[in-house]
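Colleague: I would like the atomic coordinates for the input below:
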Amino acid sequence: MKALLRSLALAALVLPALAGAQSFVDPPSLAAEVAAGRLPPVDRRLPRDPLVHAPGGGFEPGRHGGELRVIMGRSQDVRMMAVYGYARLVGYNPSLELEPDILAGVDVVEDRVFTLRLRDGHRWSDGHPFTSDDFRYWWEDVVGNRQVSPSGPPQVLLVEGRPPKVSFPDARTVRFEWDGPNPGFLPALAGASPLYIYRPAHYLRQFHERYADRARLEERVRAERMRGWAQLHNRLDNMYRNDNPDLPTLEPWVLATRPPAERFVFQRNPYFHRVDANGLQLPYADRVAMAIADAKLIPLKVNAGEADLQARGLAFNNYTFLRQAAREGKFDVRLWNTAKGAQLALYPNLNAEDPAWRRLNRDPRFRRALSLAINRREINQVVYFGLALEGHNTVLPSSALFDPKLRAAPFDLAEANRLLDEIGLRRQRPRGLRMLPDGRPLEVTVETAGEDTEQTDVLQLVHDSWLEAGVKLFIKPSQREYFRNRVFSGKSVMTIWSGVENGLAGPSTNPEEFVPTSQQQLQWPKWGQHAETAGRSGEAVDDPAARELLLLEHAWRKSTSELERMRVWQRILEIHAEQVFTIGLVANVRQPVVVSRRLRNVPDIGVYNWDPGAFFGIYRPDSFWFGEPRAAAALRRE
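Modeller: Below you'll find the model as predicted:
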């Protein structure tokens, strides 16, 4: 953390100095508003110490203007603009190092005391000052109000079950202080779906019973058909969902379309805090237009030239199809690296409600047998042209934690059959289907979110090799919300999804992805829910290996040295290799990224990942700009 503190302090001191030497340039699209007096000029809208996007790393200073077009598969994906925009208190740079962003700087003492320093004169998108009062409102009136936050503070803010002491020394300073270390605090602020520890207090107070006129508030509650003021407050307050055009933001673009809609427009935030080295206020693009289309149609729409920047909805198996359109001059297709522990993984539901399946999924011999009965080499060759990395769902070779023995996943039908025999899953006849202890045939229904053909293509190959072990696989596609609800309720027996998000983890990365900490973890949703709600719902962990993971994650949080954290991580990864809680298939599958030939500053080579990475977020799409069309890039498959 000392190195982190130095880097945060350096960014806070040097970048404003660069800005001070510049005169600032107003976007032409705001000229009429400024001339009419409805907006102040840019030098009065920016903080006194704006964040400068300095040249380097392929960044090319640009010019204002244009509409950046993207396509999403669901209207709920308006939230992706809170991901792509990636304005965070502290954020990752492309080297995955933490730097101040919204904040001017952070002072850290022993991973225990965090003093956050705000930028002087920073404003919300509606022009209201952004101050420590916005942090106070969140802490006292959102987290501190049981009607608004029944579960109390988020788990990442609890150390040994105790919340921090939060203080507000002045309008530009906020301090979080714990009795013990909390190394996960800053990474939580930098996440793709971050911990928002502030709110636009000036806007939300009108919906809070402590501040609002009671009669007006009750009238609004009735008009919105809400159960009470707290439900109304929470509905209008979801900064990540990004579905309330009236909610002020600090992101580069502001939602201007009221849901529901089939096309959402995001207009530039006139008070955004970043500038380029020439003093141009970012973002460069005036607008982002987000079209909503059936997910299955996204490759076709992209191929027709309907997007300027697109990766969501595109899979590796679309690459050949898109490459032909690229040859015709419509766009460039780039292949970015991915950072997931597995492109796809199978998730036996250890919390399945069916007693027979719950017992079987909890038997590590069964999970090992299923893994051994998968021919990953065949999957790699047939679906990924031999370009993927075969193995378990764990960290990647570029991680400091990587151990090749823990990723190795051999194809061994003989051993798979031996383990299934040992469990007592007998065949009715030689090479026939095995039977569950209650007499049902061993037929595994693997549920998918049904959003592309990649999962079904891979599952068909798994089906063929599992059949050799006497296990029949059925594929059940469904809509994502229905899919997740079945997992959460225990109705699903097994699912397929991508693997752990951060296959590049290091000793200082929170190991929570490998531990029962979230309901979203498909292998143990009820255990994760139990952790998320501090025991108020879900189920307590009753598996010895999973309990050890919880203890190890607790030890990681208490650790004060990188060596201690390395040891914790090593044991966590060893347990996962031994227990096969998830069944990884292949990793390092490239992500097609379609880029308009007019769009500048999009890296030729990047990492497309949710967290850390925020997909395009760490490359700062506010710095992408439109120029004259470039010649076609060399087409190659790497």
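
Colleague: Isn't Val106 up against Leu116?
Modeller: Yes. Between Val106 and Leu116 there is a contact under C-beta atoms under 8 Å: 5.8 Å. Glycine gets a C-beta too; all of them are placed from N, C-alpha and C.

Colleague: How about stretch 48-55, which residues are buried there?
Modeller: For stretch 48-55, the neighbour count (16 or more other C-beta atoms under 10 Å) marks Asp49, Pro50, Leu51, Val52, His53 as buried.

Colleague: pretty sure the fourth one is in a strand, no?
Modeller: Yes. The secondary structure assignment for Val52 places it in a strand, going by DSSP: H, G, I helix; E, B strand; the rest coil.

Colleague: picking up where we left off before, closest to Leu599 among the buried residues of stretch 48-55?
Modeller: Distance ranking of the buried residues of stretch 48-55 against Leu599, using C-beta to C-beta, places His53 first at 16.1 Å.

Colleague: Let me see the contact set for that closest one.
Modeller: Phe59, Arg274, Val275, Asp276, Ala277, Leu282, Arg620, Asp622, Ser623 (C-beta atoms under 8 Å, 6 or more residues apart in numbering).

Colleague: Check Gly121 too.
Modeller: Going by C-beta under 8 Å, 6+ apart, Gly121 touches Leu46, Pro47, Arg48, Pro129.

Colleague: among these, who's most crowded?
Modeller: The most neighbours of any of these, using other C-beta atoms under 10 Å, belong to Leu46, which has 25 neighbours.

Colleague: Tell me who's in contact with the nearest residue to that residue once chain neighbours are set aside.
Modeller: The shortest distance from Leu46 to any non-neighbouring residue, by C-beta to C-beta, 6 or more residues apart in numbering, is to Phe24 (6.0 Å). Applying C-beta under 8 Å, 6+ apart, we find Phe24 in contact with Val42, Asp43, Leu46, Pro50, Val275, Gly279, Leu280, Gln281.

Colleague: one more time with 7 Å
Modeller: Val42, Asp43, Leu46, Val275, Gly279, Gln281 (C-beta atoms under 7 Å, 6 or more residues apart in numbering).

Colleague: Which pLDDT does the model give the first one?
Modeller: This means Val42. On pLDDT, Val42 comes in at 98.

Colleague: pretty sure it contacts Gly279?
Modeller: No. With contact defined as C-beta atoms under 7 Å, Val42 does not reach Gly279; the gap is 8.7 Å.

Colleague: got any residues that touch both of those two?
Modeller: In contact with both Val42 and Gly279: Phe24, Val25, using C-beta under 7 Å, 6+ apart.

Colleague: Going by residue numbers, what spans are helices in the stretch 251-400 of the chain?
Modeller: All helices of the stretch 251-400 of the chain, identified by DSSP state H, counting those that start in this stretch, fall at 298-303, 319-327, 355-361, 364-372, 376-384.

Colleague: among these, which is nearest Arg598?
Modeller: Of all the helices of the stretch 251-400 of the chain, helix 319-327 sits nearest to Arg598, with 14.1 Å by C-beta to C-beta.

Colleague: list the buried ones in the closest one?
Modeller: For helix 319-327, burial by neighbour count (16+ other C-beta under 10 Å) applies to Tyr319, Leu322, Arg323, Ala325, Ala326.

Colleague: what do you get for stretch 575-587?
Modeller: Neighbour-count burial for stretch 575-587, counted by 16+ other C-beta under 10 Å, picks out Ile575, His576, Ala577, Gln579, Val580, Phe581, Thr582, Ile583, Gly584, Leu585, Val586, Ala587.

Colleague: quick one: contacts for the third one?
Modeller: With contacts defined as C-beta under 7 Å, 6+ apart, Ala577 is in contact with His392, Thr394, Leu406.

Colleague: which among the residues you listed end up buried?
Modeller: Looks like these have His392, Thr394, Leu406 buried, using 16+ other C-beta under 10 Å.
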